[in-house]
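Engineer: got a predicted structure plus its sequence, pasted below:
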2 protein chains.
Amino acid sequence: MYSGVVPKLWNETIEAHRRAVRDATLDTAAALLAEHGLASVTMSRIAKKTGIGRATLYKYFSGVEAILLAWHERQITGHLEYLAEIRDRAGGAGERLEAVLEAYALISYKHHGTELAALVHRGDHIARAQKQLNDFIRDLLTEGAETGALRDDVAPDELASYCLHALTAASSLPSEAAVRRLVTVTLTGLHPRAD
Amino acid sequence: MYSGVVPKLWNETIEAHRRAVRDATLDTAAALLAEHGLASVTMSRIAKKTGIGRATLYKYFSGVEAILLAWHERQITGHLEYLAEIRDRAGGAGERLEAVLEAYALISYKHHGTELAALVHRGDHIARAQKQLNDFIRDLLTEGAETGALRDDVAPDELASYCLHALTAASSLPSEAAVRRLVTVTLTGLHPRAD
DNA sequence: TTTGACATCGACACATTGTCTCGTTAAACT
DNA sequence: AGTTTAACGAGACAATGTGTCGATGTCAAA
(Lines give C-alpha, C1' and ligand atoms only; values in the text may rest on other atoms or scores of the structure.)
Protein backbone atom coordinates (compact mmCIF):
# COMPACT_ATOMS: atom_id res chain seq x y z
CA MET A 1 0.00 0.00 0.00
CA TYR A 2 1.53 3.25 -1.12
CA SER A 3 -0.82 5.49 0.91
CA GLY A 4 -0.30 7.28 -2.29
CA VAL A 5 -1.21 10.31 -4.20
CA VAL A 6 -4.79 10.72 -5.25
CA PRO A 7 -5.25 10.99 -9.02
CA LYS A 8 -5.48 14.64 -9.85
CA LEU A 9 -8.48 14.16 -12.09
CA TRP A 10 -11.77 12.92 -10.82
CA ASN A 11 -12.14 9.34 -11.81
CA GLU A 12 -15.82 8.69 -12.24
CA THR A 13 -18.49 10.55 -10.38
CA ILE A 14 -17.73 13.18 -7.77
CA GLU A 15 -19.04 10.91 -5.07
CA ALA A 16 -16.51 8.24 -5.94
CA HIS A 17 -13.74 10.78 -5.99
CA ARG A 18 -14.61 12.12 -2.57
CA ARG A 19 -14.73 8.60 -1.20
CA ALA A 20 -11.31 7.92 -2.70
CA VAL A 21 -9.81 11.05 -1.20
CA ARG A 22 -11.36 10.24 2.13
CA ASP A 23 -10.01 6.71 2.17
CA ALA A 24 -6.57 7.84 1.06
CA THR A 25 -6.56 10.36 3.89
CA LEU A 26 -7.38 7.72 6.46
CA ASP A 27 -4.66 5.46 5.07
CA THR A 28 -2.13 8.28 5.29
CA ALA A 29 -3.08 9.10 8.85
CA ALA A 30 -2.76 5.48 9.88
CA ALA A 31 0.61 5.20 8.16
CA LEU A 32 1.89 8.30 9.91
CA LEU A 33 0.65 7.04 13.24
CA ALA A 34 2.29 3.67 12.84
CA GLU A 35 5.52 5.05 11.46
CA HIS A 36 6.30 8.24 13.31
CA GLY A 37 4.01 8.21 16.33
CA LEU A 38 1.01 10.21 17.35
CA ALA A 39 2.78 13.57 17.45
CA SER A 40 3.51 13.35 13.74
CA VAL A 41 -0.16 13.05 12.82
CA THR A 42 -0.83 16.65 11.83
CA MET A 43 -3.08 18.14 9.20
CA SER A 44 -0.05 19.53 7.38
CA ARG A 45 1.73 16.22 7.08
CA ILE A 46 -1.40 14.28 6.23
CA ALA A 47 -2.23 16.71 3.43
CA LYS A 48 1.28 16.69 2.02
CA LYS A 49 1.67 12.92 2.17
CA THR A 50 -1.77 12.33 0.69
CA GLY A 51 -0.99 14.73 -2.11
CA ILE A 52 -3.76 17.27 -1.52
CA GLY A 53 -3.76 20.82 -0.28
CA ARG A 54 -4.05 21.52 3.39
CA ALA A 55 -7.09 23.73 2.87
CA THR A 56 -8.74 20.95 0.91
CA LEU A 57 -8.19 18.53 3.74
CA TYR A 58 -10.20 20.81 6.01
CA LYS A 59 -13.11 20.40 3.61
CA TYR A 60 -13.12 16.71 4.40
CA PHE A 61 -12.33 16.61 8.10
CA SER A 62 -12.56 19.17 10.85
CA GLY A 63 -9.23 18.18 12.37
CA VAL A 64 -6.82 15.43 13.34
CA GLU A 65 -9.18 14.08 15.93
CA ALA A 66 -11.96 13.62 13.40
CA ILE A 67 -9.60 11.83 11.04
CA LEU A 68 -8.39 9.38 13.65
CA LEU A 69 -11.94 8.87 14.76
CA ALA A 70 -13.11 8.06 11.24
CA TRP A 71 -10.18 5.74 10.81
CA HIS A 72 -11.00 3.93 14.03
CA GLU A 73 -14.60 3.55 12.95
CA ARG A 74 -13.51 2.11 9.62
CA GLN A 75 -11.27 -0.35 11.42
CA ILE A 76 -14.00 -1.50 13.77
CA THR A 77 -16.50 -1.87 10.96
CA GLY A 78 -14.03 -3.92 8.96
CA HIS A 79 -13.27 -6.14 11.91
CA LEU A 80 -16.94 -6.70 12.62
CA GLU A 81 -17.61 -7.72 9.04
CA TYR A 82 -14.68 -10.08 9.12
CA LEU A 83 -15.74 -11.60 12.43
CA ALA A 84 -19.31 -12.01 11.20
CA GLU A 85 -17.95 -13.89 8.22
CA ILE A 86 -15.97 -16.18 10.50
CA ARG A 87 -19.03 -16.73 12.67
CA ASP A 88 -21.28 -17.68 9.77
CA ARG A 89 -18.69 -20.03 8.36
CA ALA A 90 -18.28 -22.20 11.45
CA GLY A 91 -20.77 -24.90 12.35
CA GLY A 92 -21.75 -25.51 15.96
CA ALA A 93 -22.21 -22.88 18.64
CA GLY A 94 -19.08 -23.84 20.50
CA GLU A 95 -16.94 -23.89 17.42
CA ARG A 96 -18.35 -20.56 16.35
CA LEU A 97 -17.31 -18.95 19.57
CA GLU A 98 -13.83 -20.40 19.49
CA ALA A 99 -13.32 -19.45 15.86
CA VAL A 100 -14.45 -15.88 16.39
CA LEU A 101 -12.38 -15.37 19.52
CA GLU A 102 -9.32 -16.74 17.80
CA ALA A 103 -9.92 -14.47 14.83
CA TYR A 104 -10.22 -11.47 17.11
CA ALA A 105 -7.05 -12.40 18.95
CA LEU A 106 -5.20 -12.71 15.67
CA ILE A 107 -6.40 -9.29 14.65
CA SER A 108 -4.98 -7.85 17.86
CA TYR A 109 -1.82 -9.86 17.28
CA LYS A 110 -1.27 -8.60 13.75
CA HIS A 111 -1.87 -4.90 13.78
CA HIS A 112 -0.68 -3.78 17.16
CA GLY A 113 -1.56 -0.16 16.67
CA THR A 114 -5.26 -0.37 16.07
CA GLU A 115 -6.43 0.53 19.50
CA LEU A 116 -4.14 3.49 19.99
CA ALA A 117 -6.41 5.96 18.28
CA ALA A 118 -9.24 5.01 20.56
CA LEU A 119 -7.54 6.76 23.42
CA VAL A 120 -6.80 10.06 21.83
CA HIS A 121 -10.46 10.52 21.88
CA ARG A 122 -12.45 11.33 24.92
CA GLY A 123 -15.89 11.14 23.34
CA ASP A 124 -18.36 8.34 23.44
CA HIS A 125 -17.72 7.43 19.81
CA ILE A 126 -15.18 4.82 20.81
CA ALA A 127 -17.43 3.69 23.61
CA ARG A 128 -20.11 3.04 21.03
CA ALA A 129 -17.68 1.30 18.72
CA GLN A 130 -16.46 -0.89 21.55
CA LYS A 131 -20.06 -1.61 22.47
CA GLN A 132 -20.69 -2.95 18.99
CA LEU A 133 -17.90 -5.45 19.44
CA ASN A 134 -19.11 -6.26 22.92
CA ASP A 135 -22.65 -6.89 21.71
CA PHE A 136 -21.36 -9.07 18.94
CA ILE A 137 -19.50 -11.31 21.38
CA ARG A 138 -22.34 -11.18 23.89
CA ASP A 139 -24.81 -12.54 21.36
CA LEU A 140 -22.40 -15.30 20.52
CA LEU A 141 -22.11 -16.13 24.20
CA THR A 142 -25.84 -16.23 24.89
CA GLU A 143 -26.16 -18.50 21.91
CA GLY A 144 -23.54 -20.76 23.43
CA ALA A 145 -25.19 -20.59 26.83
CA GLU A 146 -28.12 -22.64 25.59
CA THR A 147 -25.86 -25.60 24.98
CA GLY A 148 -24.86 -25.43 28.63
CA ALA A 149 -21.13 -25.03 28.10
CA LEU A 150 -21.19 -21.55 29.57
CA ARG A 151 -21.06 -20.47 33.18
CA ASP A 152 -24.25 -18.89 34.46
CA ASP A 153 -22.98 -17.00 37.50
CA VAL A 154 -21.89 -14.01 35.43
CA ALA A 155 -23.95 -12.08 32.89
CA PRO A 156 -23.04 -12.62 29.21
CA ASP A 157 -22.38 -8.91 28.84
CA GLU A 158 -19.65 -8.98 31.44
CA LEU A 159 -18.24 -12.17 30.02
CA ALA A 160 -18.01 -10.51 26.62
CA SER A 161 -16.07 -7.62 28.11
CA TYR A 162 -13.80 -10.12 29.80
CA CYS A 163 -13.17 -11.91 26.51
CA LEU A 164 -12.36 -8.80 24.53
CA HIS A 165 -9.95 -7.44 27.08
CA ALA A 166 -8.25 -10.75 27.76
CA LEU A 167 -7.67 -11.29 24.06
CA THR A 168 -5.98 -7.94 23.61
CA ALA A 169 -3.08 -9.58 25.39
CA ALA A 170 -2.41 -11.14 22.01
CA SER A 171 -0.82 -7.91 20.83
CA SER A 172 2.16 -8.49 23.10
CA LEU A 173 2.59 -12.19 22.46
CA PRO A 174 5.51 -13.54 20.48
CA SER A 175 3.92 -16.18 18.22
CA GLU A 176 0.67 -17.41 16.76
CA ALA A 177 0.97 -20.52 18.85
CA ALA A 178 1.00 -18.32 21.94
CA VAL A 179 -2.11 -16.58 20.64
CA ARG A 180 -3.87 -19.90 20.35
CA ARG A 181 -2.90 -20.77 23.90
CA LEU A 182 -4.30 -17.42 25.01
CA VAL A 183 -7.61 -18.24 23.35
CA THR A 184 -7.69 -21.56 25.17
CA VAL A 185 -7.06 -19.93 28.52
CA THR A 186 -9.69 -17.28 27.86
CA LEU A 187 -12.23 -19.93 26.89
CA THR A 188 -11.51 -21.78 30.11
CA GLY A 189 -12.62 -18.72 32.02
CA LEU A 190 -16.00 -19.01 30.35
CA HIS A 191 -16.72 -22.52 31.51
CA PRO A 192 -18.57 -23.28 34.73
CA ARG A 193 -16.41 -23.97 37.73
CA ALA A 194 -15.75 -27.63 38.34
CA ASP A 195 -16.20 -27.48 42.09
CA MET B 1 -6.58 18.07 45.09
CA TYR B 2 -5.89 21.58 43.79
CA SER B 3 -2.89 20.63 41.64
CA GLY B 4 -1.92 23.85 43.23
CA VAL B 5 0.62 26.56 43.14
CA VAL B 6 4.13 25.82 44.24
CA PRO B 7 5.43 28.11 46.98
CA LYS B 8 7.50 30.77 45.36
CA LEU B 9 10.42 30.44 47.75
CA TRP B 10 12.34 27.31 48.44
CA ASN B 11 10.85 25.54 51.37
CA GLU B 12 13.63 23.53 52.96
CA THR B 13 16.47 22.23 50.93
CA ILE B 14 16.66 22.78 47.21
CA GLU B 15 16.30 19.09 46.63
CA ALA B 16 12.97 18.97 48.42
CA HIS B 17 11.75 21.98 46.51
CA ARG B 18 12.61 20.46 43.17
CA ARG B 19 10.83 17.28 44.14
CA ALA B 20 7.77 19.29 45.11
CA VAL B 21 7.71 21.17 41.83
CA ARG B 22 8.21 17.98 39.91
CA ASP B 23 5.36 16.22 41.69
CA ALA B 24 3.05 19.20 41.31
CA THR B 25 3.82 19.23 37.60
CA LEU B 26 2.93 15.58 37.23
CA ASP B 27 -0.30 16.13 39.14
CA THR B 28 -1.21 19.03 36.89
CA ALA B 29 -0.51 17.06 33.74
CA ALA B 30 -2.66 14.19 34.97
CA ALA B 31 -5.47 16.55 35.89
CA LEU B 32 -5.39 18.21 32.47
CA LEU B 33 -5.37 14.85 30.76
CA ALA B 34 -8.32 13.58 32.73
CA GLU B 35 -10.30 16.79 32.47
CA HIS B 36 -9.70 18.23 29.01
CA GLY B 37 -8.17 15.39 27.04
CA LEU B 38 -4.78 14.73 25.60
CA ALA B 39 -4.76 17.75 23.28
CA SER B 40 -4.93 20.08 26.26
CA VAL B 41 -1.76 18.70 27.78
CA THR B 42 0.70 21.34 26.61
CA MET B 43 3.75 22.86 28.24
CA SER B 44 2.00 26.22 28.32
CA ARG B 45 -1.07 25.02 30.16
CA ILE B 46 0.84 22.82 32.54
CA ALA B 47 3.10 25.70 33.50
CA LYS B 48 0.24 28.11 33.99
CA LYS B 49 -1.88 25.70 36.00
CA THR B 50 1.04 24.60 38.14
CA GLY B 51 1.88 28.20 38.86
CA ILE B 52 5.38 28.30 37.40
CA GLY B 53 6.85 29.93 34.33
CA ARG B 54 6.89 28.05 31.11
CA ALA B 55 10.63 28.45 30.73
CA THR B 56 11.09 27.03 34.20
CA LEU B 57 9.10 23.99 33.26
CA TYR B 58 11.63 23.27 30.52
CA LYS B 59 14.31 23.07 33.21
CA TYR B 60 12.44 20.15 34.71
CA PHE B 61 11.20 18.29 31.66
CA SER B 62 12.23 18.30 28.04
CA GLY B 63 8.66 18.24 26.78
CA VAL B 64 5.13 16.97 27.17
CA GLU B 65 6.15 13.45 26.31
CA ALA B 66 8.72 13.36 29.09
CA ILE B 67 6.14 14.62 31.57
CA LEU B 68 3.55 12.02 30.69
CA LEU B 69 6.24 9.38 30.74
CA ALA B 70 7.39 10.38 34.21
CA TRP B 71 3.81 10.43 35.40
CA HIS B 72 3.20 6.95 34.04
CA GLU B 73 6.31 5.68 35.74
CA ARG B 74 5.21 7.18 39.03
CA GLN B 75 1.81 5.52 38.66
CA ILE B 76 3.29 2.10 37.93
CA THR B 77 5.74 2.37 40.80
CA GLY B 78 2.96 3.31 43.18
CA HIS B 79 0.78 0.46 42.01
CA LEU B 80 3.61 -2.01 42.39
CA GLU B 81 4.28 -0.89 45.93
CA TYR B 82 0.62 -1.16 46.78
CA LEU B 83 0.30 -4.59 45.22
CA ALA B 84 3.41 -5.81 47.02
CA GLU B 85 1.84 -4.68 50.26
CA ILE B 86 -1.32 -6.62 49.48
CA ARG B 87 0.72 -9.65 48.57
CA ASP B 88 2.71 -9.65 51.79
CA ARG B 89 -0.39 -9.19 53.86
CA ALA B 90 -2.28 -12.24 52.63
CA GLY B 91 -1.55 -15.72 53.91
CA GLY B 92 -1.56 -18.69 51.57
CA ALA B 93 -0.37 -18.71 47.98
CA GLY B 94 -3.85 -19.00 46.54
CA GLU B 95 -5.23 -16.22 48.67
CA ARG B 96 -2.27 -14.04 47.80
CA LEU B 97 -2.95 -14.38 44.11
CA GLU B 98 -6.63 -13.67 44.45
CA ALA B 99 -6.06 -10.67 46.70
CA VAL B 100 -3.48 -9.15 44.37
CA LEU B 101 -5.55 -9.67 41.25
CA GLU B 102 -8.58 -8.15 42.90
CA ALA B 103 -6.51 -5.19 44.04
CA TYR B 104 -5.22 -4.66 40.53
CA ALA B 105 -8.70 -4.88 39.09
CA LEU B 106 -9.92 -2.32 41.57
CA ILE B 107 -7.10 0.01 40.57
CA SER B 108 -8.20 -0.25 36.94
CA TYR B 109 -11.79 0.24 38.06
CA LYS B 110 -11.07 3.38 40.02
CA HIS B 111 -8.83 5.53 37.92
CA HIS B 112 -9.93 4.86 34.40
CA GLY B 113 -7.41 7.14 32.78
CA THR B 114 -4.19 5.61 34.01
CA GLU B 115 -3.34 3.65 30.96
CA LEU B 116 -3.99 6.41 28.48
CA ALA B 117 -0.57 7.94 28.75
CA ALA B 118 1.05 4.65 27.97
CA LEU B 119 -0.16 4.92 24.42
CA VAL B 120 1.02 8.38 23.63
CA HIS B 121 4.42 6.94 23.91
CA ARG B 122 6.00 4.76 21.34
CA GLY B 123 9.19 4.03 23.22
CA ASP B 124 10.12 0.99 25.21
CA HIS B 125 9.74 2.79 28.52
CA ILE B 126 6.16 1.65 28.84
CA ALA B 127 7.15 -1.78 27.66
CA ARG B 128 9.57 -1.95 30.55
CA ALA B 129 7.00 -0.64 33.00
CA GLN B 130 4.46 -3.18 31.82
CA LYS B 131 7.10 -5.87 32.11
CA GLN B 132 7.57 -5.00 35.77
CA LEU B 133 3.91 -5.62 36.41
CA ASN B 134 4.01 -8.76 34.32
CA ASP B 135 6.99 -10.12 36.24
CA PHE B 136 5.29 -9.35 39.51
CA ILE B 137 2.24 -11.38 38.56
CA ARG B 138 4.33 -14.10 36.96
CA ASP B 139 6.27 -14.67 40.17
CA LEU B 140 3.03 -14.88 42.06
CA LEU B 141 1.77 -17.45 39.57
CA THR B 142 4.85 -19.65 39.70
CA GLU B 143 4.58 -19.57 43.46
CA GLY B 144 1.00 -20.74 43.13
CA ALA B 145 1.94 -23.37 40.59
CA GLU B 146 3.71 -25.39 43.27
CA THR B 147 0.47 -25.97 45.09
CA GLY B 148 -0.91 -27.51 41.92
CA ALA B 149 -3.86 -25.19 41.52
CA LEU B 150 -2.44 -23.75 38.32
CA ARG B 151 -2.64 -25.08 34.81
CA ASP B 152 0.67 -26.28 33.39
CA ASP B 153 -0.07 -26.20 29.67
CA VAL B 154 0.73 -22.50 29.36
CA ALA B 155 3.84 -20.69 30.58
CA PRO B 156 3.39 -18.49 33.68
CA ASP B 157 4.63 -15.51 31.72
CA GLU B 158 1.79 -15.80 29.24
CA LEU B 159 -0.69 -16.40 32.01
CA ALA B 160 0.44 -13.21 33.69
CA SER B 161 -0.13 -11.28 30.49
CA TYR B 162 -3.57 -12.85 30.24
CA CYS B 163 -4.41 -11.81 33.78
CA LEU B 164 -3.32 -8.22 33.42
CA HIS B 165 -5.20 -7.69 30.20
CA ALA B 166 -8.33 -9.48 31.32
CA LEU B 167 -8.49 -7.42 34.48
CA THR B 168 -8.30 -4.14 32.59
CA ALA B 169 -11.88 -4.91 31.66
CA ALA B 170 -12.65 -3.65 35.15
CA SER B 171 -12.31 -0.08 33.93
CA SER B 172 -15.55 -0.41 31.97
CA LEU B 173 -17.55 -2.29 34.59
CA PRO B 174 -20.41 -0.65 36.47
CA SER B 175 -19.87 -1.83 40.06
CA GLU B 176 -17.38 -3.30 42.47
CA ALA B 177 -19.44 -6.45 42.57
CA ALA B 178 -18.95 -6.78 38.85
CA VAL B 179 -15.22 -6.32 39.36
CA ARG B 180 -15.20 -9.18 41.83
CA ARG B 181 -17.03 -11.37 39.35
CA LEU B 182 -14.42 -10.46 36.75
CA VAL B 183 -11.66 -11.58 39.08
CA THR B 184 -13.45 -14.87 39.60
CA VAL B 185 -13.77 -15.45 35.88
CA THR B 186 -10.14 -14.55 35.29
CA LEU B 187 -9.03 -16.92 38.02
CA THR B 188 -11.05 -19.70 36.43
CA GLY B 189 -8.95 -19.30 33.31
CA LEU B 190 -5.87 -20.10 35.35
CA HIS B 191 -7.10 -23.45 36.61
CA PRO B 192 -6.36 -26.70 34.79
CA ARG B 193 -9.08 -27.87 32.47
CA ALA B 194 -11.48 -30.34 34.01
CA ASP B 195 -11.61 -32.67 31.02
C1' DT C 1 29.89 41.65 52.06
C1' DT C 2 31.11 39.38 48.26
C1' DT C 3 30.85 35.56 45.28
C1' DG C 4 29.06 31.47 43.02
C1' DA C 5 25.29 28.48 42.08
C1' DC C 6 20.78 28.00 41.04
C1' DA C 7 15.75 28.85 40.21
C1' DT C 8 12.72 31.83 37.97
C1' DC C 9 10.55 34.61 34.44
C1' DG C 10 9.99 37.66 30.17
C1' DA C 11 10.96 37.86 25.49
C1' DC C 12 12.29 36.40 20.91
C1' DA C 13 12.14 33.64 16.60
C1' DC C 14 9.92 29.99 14.58
C1' DA C 15 6.32 26.36 13.51
C1' DT C 16 1.53 24.76 13.30
C1' DT C 17 -3.31 25.52 13.29
C1' DG C 18 -7.76 26.80 11.49
C1' DT C 19 -9.97 30.15 8.45
C1' DC C 20 -10.54 33.04 4.51
C1' DT C 21 -10.18 34.63 -0.24
C1' DC C 22 -9.03 34.22 -4.98
C1' DG C 23 -7.86 32.46 -9.46
C1' DT C 24 -7.77 27.99 -11.89
C1' DT C 25 -9.59 23.87 -13.75
C1' DA C 26 -12.53 20.13 -14.76
C1' DA C 27 -17.08 18.11 -14.67
C1' DA C 28 -22.02 18.68 -15.66
C1' DC C 29 -25.68 20.80 -17.97
C1' DT C 30 -28.18 23.08 -22.04
C1' DA D 1 -19.84 24.35 -28.09
C1' DG D 2 -20.70 27.42 -24.49
C1' DT D 3 -22.21 28.17 -19.74
C1' DT D 4 -22.68 27.01 -15.05
C1' DT D 5 -21.21 24.64 -11.02
C1' DA D 6 -18.04 23.08 -7.80
C1' DA D 7 -13.72 21.31 -6.12
C1' DC D 8 -9.03 22.45 -5.92
C1' DG D 9 -4.36 24.68 -4.45
C1' DA D 10 -1.97 28.60 -2.98
C1' DG D 11 -1.30 32.48 -0.20
C1' DA D 12 -2.42 35.49 3.72
C1' DC D 13 -4.00 35.90 8.41
C1' DA D 14 -4.41 35.81 13.66
C1' DA D 15 -3.91 32.72 17.36
C1' DT D 16 -1.49 29.48 19.86
C1' DG D 17 2.43 26.47 21.14
C1' DT D 18 7.50 25.58 21.05
C1' DG D 19 12.28 25.83 22.36
C1' DT D 20 15.99 28.88 23.78
C1' DC D 21 18.54 33.09 25.75
C1' DG D 22 19.56 36.39 28.76
C1' DA D 23 18.39 39.09 32.77
C1' DT D 24 16.89 39.13 37.55
C1' DG D 25 16.46 37.59 42.12
C1' DT D 26 17.45 34.33 46.17
C1' DC D 27 20.10 31.19 48.93
C1' DA D 28 24.46 29.46 51.01
C1' DA D 29 29.18 29.62 51.75
C1' DA D 30 33.62 32.17 51.93
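Structural biologist: Perfect, thanks for sending it.
Engineer: could you list every residue that touches A:L133?
Structural biologist: Contacts for A:L133 were tallied using CB atoms under 8 Å, 6 or more residues apart in numbering or on different chains; they are A:I76, A:H79, A:L80, A:L164. (Each C-beta comes from the backbone N, C-alpha and C, glycine too.)
Engineer: can you check the pLDDT for the second one?
Structural biologist: In the predicted model, A:H79 carries a pLDDT score of 95.
Engineer: go on, the first one?
Structural biologist: The confidence metric pLDDT takes the value 91 at A:I76.
Engineer: quick one: it from A:F136, how far?
Structural biologist: With distances taken as CB to CB, to the nearest Å, A:I76 is found 10 Å from A:F136.
Engineer: just give the nearest non-adjacent residue to A:T147, would you?
Structural biologist: Of all residues not flanking A:T147 in the chain, A:A93 sits nearest, at 5.3 Å (CB to CB, 6 or more residues apart in numbering or on different chains).
Engineer: that neighbour - how many residues pack around it?
Structural biologist: 18 (other CB atoms under 10 Å in any protein chain shown).
Engineer: before we move on, what about A:L33?
Structural biologist: 21.
Engineer: what about it, which helix or strand?
Structural biologist: Taking DSSP states H and E as the definition, A:L33 sits inside helix A:14-36.
Engineer: wait, does that helix contact chain B?
Structural biologist: No - Helix A:14-36 does not reach chain B (CB under 8 Å from any CB of the partner chain); its nearest approach is 8.5 Å.
Engineer: buried stuff in that helix?
Structural biologist: A:V21, A:R22, A:A24, A:T25, A:L26, A:D27, A:T28, A:A29, A:A30, A:A31, A:L32, A:L33 (16 or more other CB atoms under 10 Å in any protein chain shown).
Engineer: from the chain's centroid, how far away is it?
Structural biologist: Centroid separation for helix A:14-36 versus its chain: 17 Å, with CA atoms, centre = their mean, to the nearest Å.
Engineer: in terms of secondary structure, what does it contact?
Structural biologist: Packed against helix A:14-36, as judged by 3 or more CB pairs under 8 Å, 6 or more residues apart in numbering or on different chains; DSSP states H and E, are the following elements: helix A:43-50, helix A:54-60, helix A:64-89.
Engineer: lowest-pLDDT helix or strand in chain A?
Structural biologist: Sorted by mean pLDDT, DSSP states H and E, the helices and strands of chain A end with helix A:117-120, the least confident at a mean of 54.
Engineer: A:W71 touches A:L32, doesn't it?
Structural biologist: No - using CB atoms under 8 Å, A:W71 is not in contact with A:L32; the gap is 10.7 Å.
Engineer: how about the residue of chain A found nearest DNA strand C, what does it touch?
Structural biologist: Proximity of chain A to DNA strand C (CB to the nearest atom of the strand) peaks at A:T42, 2.6 Å away. Going by CB under 8 Å, 6+ apart, A:T42 touches A:V64.
Engineer: gap between it and A:Y60?
Structural biologist: Noted for A:T42: a distance of 15 Å to A:Y60, by CB to CB.
Engineer: where does A:E95 land in three-state SS?
Structural biologist: Taking DSSP: H, G, I helix; E, B strand; the rest coil as the rule, one finds A:E95 in the helix state.
Engineer: number of residues surrounding it?
Structural biologist: A:E95, neighbours per other CB under 10 Å, totals 12.
Engineer: so where's chain A shaky on pLDDT?
Structural biologist: Along chain A, segments meeting pLDDT under 70 span A:1-14, A:113-123, A:148, A:194-195.
Engineer: kindly report the residues of it close to DNA strand D.
Structural biologist: A:8, A:14, A:17-18, A:21, A:51-56, A:59-60 (CB under 7 Å from any atom of the strand).
Engineer: can I get those in a markdown table including distance to DNA strand C?
Structural biologist: Shown next, in a markdown table, are these (distance: CB to the nearest atom of the strand, whole Å):
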| residue | distance to DNA strand C |
| --- | --- |
| A:K8 | 7 |
| A:I14 | 6 |
| A:H17 | 8 |
| A:R18 | 12 |
| A:V21 | 14 |
| A:G51 | 15 |
| A:I52 | 13 |
| A:G53 | 8 |
| A:R54 | 6 |
| A:A55 | 4 |
| A:T56 | 9 |
| A:K59 | 9 |
| A:Y60 | 11 |
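Engineer: now the two most distant members of those residues.
Structural biologist: For the residues of chain A next to DNA strand D, the maximum inter-member distance is 21.0 Å, found between A:I14 and A:R54 (CB to CB).
Engineer: figure out which of the helices and strands packed on helix A:14-36 is closest to chain B.
Structural biologist: Set against chain B and scored by CB to the nearest CB, these come closest in helix A:64-89, at 7.3 Å.
Engineer: relative to helix A:14-36, how tilted is that closest one?
Structural biologist: 100 degrees (axes from the mean of the first three to the mean of the last three CA atoms, to 10 degrees).
Engineer: may I see the buried residues of helix A:64-89?
Structural biologist: Across helix A:64-89, burial judged by 16+ other CB under 10 Å covers A:64-65, A:67-73, A:75-76, A:79, A:83, A:86-87.
Engineer: now, the most widely separated pair of these?
Structural biologist: Farthest-apart pair in these is A:V64 and A:R87; separation 34.4 Å (CB to CB).
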